[in-house]
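Asks: how would this look folded up:
(one chain, ligands or ions: 1)
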Amino acid sequence: MQNNFDLKLIETKDMNDNTVHFKFDILNEQKLTLIAGQFIRLLFQQDGEEVFRSYSVANILNSCEDDIKTIELAVSWVKGGLATVGLSSMKIGEVIQASAPYGRFCLTDKMWKRYFLVATGTGVTPYRAMQNELMKRIKQGAEVYIAMGARDQSGLLYEDEFRENAKTEGYHYISCLSRECLQCPSDLDLNGHVQTYLKTVEFDLDNDVVYLCGNPEMVDGAFNLLKEKGLPVPQIRREKYVSPPKRKKKEAFTIKI
Ligand SMILES: Cc1cc2nc3c(=O)[nH]c(=O)nc-3n(C[C@H](O)[C@H](O)[C@H](O)COP(=O)(O)OP(=O)(O)OC[C@H]3O[C@@H](n4cnc5c(N)ncnc54)[C@H](O)[C@@H]3O)c2cc1C
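Replies: Below you'll find the model as predicted:
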């Protein structure tokens, strides 16, 4: 069941030239019960109609499901985009309408042996939200592989946090840079796209699950590659970051004589 609520902007932080981390208070002492990986909708006005844009919640949740009173988002700008214009002009203290929770891009109760969590850009935020649950599963014997695709190092969102997590045995962070080389790469970092990494993995078809999130071309490309590798489709979870199609304007009513 979704709730409508107002969000007050309390903090912004540039993550790179094109991406901003937002923090909002949920107003009226409301709290949101959320499962890691879910998203919210922000409401905007377009041509006198209410339209929405979706954003994955980036908060690091205490466990798989949590009650939160603030909401963190990572938003990448799209030139001239409706939400881009609206959010980039928002000032601290201003309020925006939202509704949540949405989505099923979440960890299920089933314990897999290996979790491959693949992202481009802000598509990595669901895996930030899942951090504590993933650590819990690692303690229970699972292995986690975060594969993060970006053009250059500035696109490796929350890199420090993920690299800190990767100090835990069983948690691996693989950066895949398509236009730049890392200055101090680890054994796992590579040049190329996330698909370049996925090609190198020998999947255990009974015990591995793969999550794909972000750019639609990456999600489709990686999905086809994984299917070709024999991974059963239910073990490939997908979230594509697209805007809803623009609604057609109602045509004027004409009377034929
Ligand atoms: C489930 C879900 C979760 C999402 N989570 C996030 C998130 O956490 N962070 C985030 O930044 N975005 C996220 N998105 C994408 C987000 O909802 C918007 O689509 C995005 O912010 C662009 O909105 P806009 O109104 O600024 O641009 P729009 O007005 O929607 O688009 C303007 C123009 O740019 C094109 N366009 C739209 N997106 C892109 C793009 N990425 N690259 C190139 N051209 C584009 C459109 O086709 C259109 O022509 C998510 C989408 C979904 C479905």
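
Asks: Would stretch 41-60 count as contacting the ligand?
Replies: Yes: applying CB under 6 Å from any ligand atom, one finds stretch 41-60 touching the ligand at R53, S54, Y55, S56. C-beta here means a position set from N, CA and C on the backbone, and glycine is covered the same way.

Asks: where's the first one, which helix or strand?
Replies: With elements delineated by DSSP states H and E, R53 resides in strand 49-56, which encompasses its position.

Asks: From the chain's centre, how far out is that strand? Work that out for me.
Replies: How far strand 49-56 lies from its chain's middle: 15 Å, per CA atoms, centre = their mean, to the nearest Å.

Asks: Could you do stretch 17-29 as well?
Replies: On CA atoms, centre = their mean, the centre of stretch 17-29 falls 15 Å from that of its chain.

Asks: Could you list the residues in contact with that stretch?
Replies: If you take CB atoms under 8 Å, 6 or more residues apart in numbering as the criterion, stretch 17-29 is touched by 5-15, 32, 58, 68-77, 87-88, 95-96, 98, 121-122, 154-155, 157.

Asks: Now which of the residues you listed would you call buried?
Replies: Applying 16 or more other CB atoms under 10 Å to the contacts of stretch 17-29, the neighbour count classes 5, 7, 9, 12, 15, 32, 58, 68, 71-76, 87, 96, 98, 121-122, 155, 157 as buried.

Asks: Of these, which belong to helices?
Replies: L87 (DSSP state H).

Asks: For the longest helix seen in the chain, C-alpha coordinates in PDB please.
Replies: Counting by DSSP H, the longest helix found in the chain is helix 216-228. Extracted in PDB, the C-alpha atoms of helix 216-228 (Å, rounded to 0.1, in the frame of the first residue of the first chain):
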ATOM      1  CA  PRO A 216      18.400   0.400 -20.000                       C
ATOM      2  CA  GLU A 217      21.000  -0.500 -22.700                       C
ATOM      3  CA  MET A 218      23.300  -2.000 -20.100                       C
ATOM      4  CA  VAL A 219      20.400  -3.900 -18.400                       C
ATOM      5  CA  ASP A 220      19.200  -5.300 -21.800                       C
ATOM      6  CA  GLY A 221      22.800  -6.100 -23.000                       C
ATOM      7  CA  ALA A 222      23.700  -7.800 -19.700                       C
ATOM      8  CA  PHE A 223      20.400  -9.700 -19.500                       C
ATOM      9  CA  ASN A 224      21.000 -11.200 -23.000                       C
ATOM     10  CA  LEU A 225      24.500 -12.100 -22.200                       C
ATOM     11  CA  LEU A 226      23.500 -13.900 -19.000                       C
ATOM     12  CA  LYS A 227      20.800 -15.800 -20.800                       C
ATOM     13  CA  GLU A 228      23.300 -16.900 -23.400                       C
END
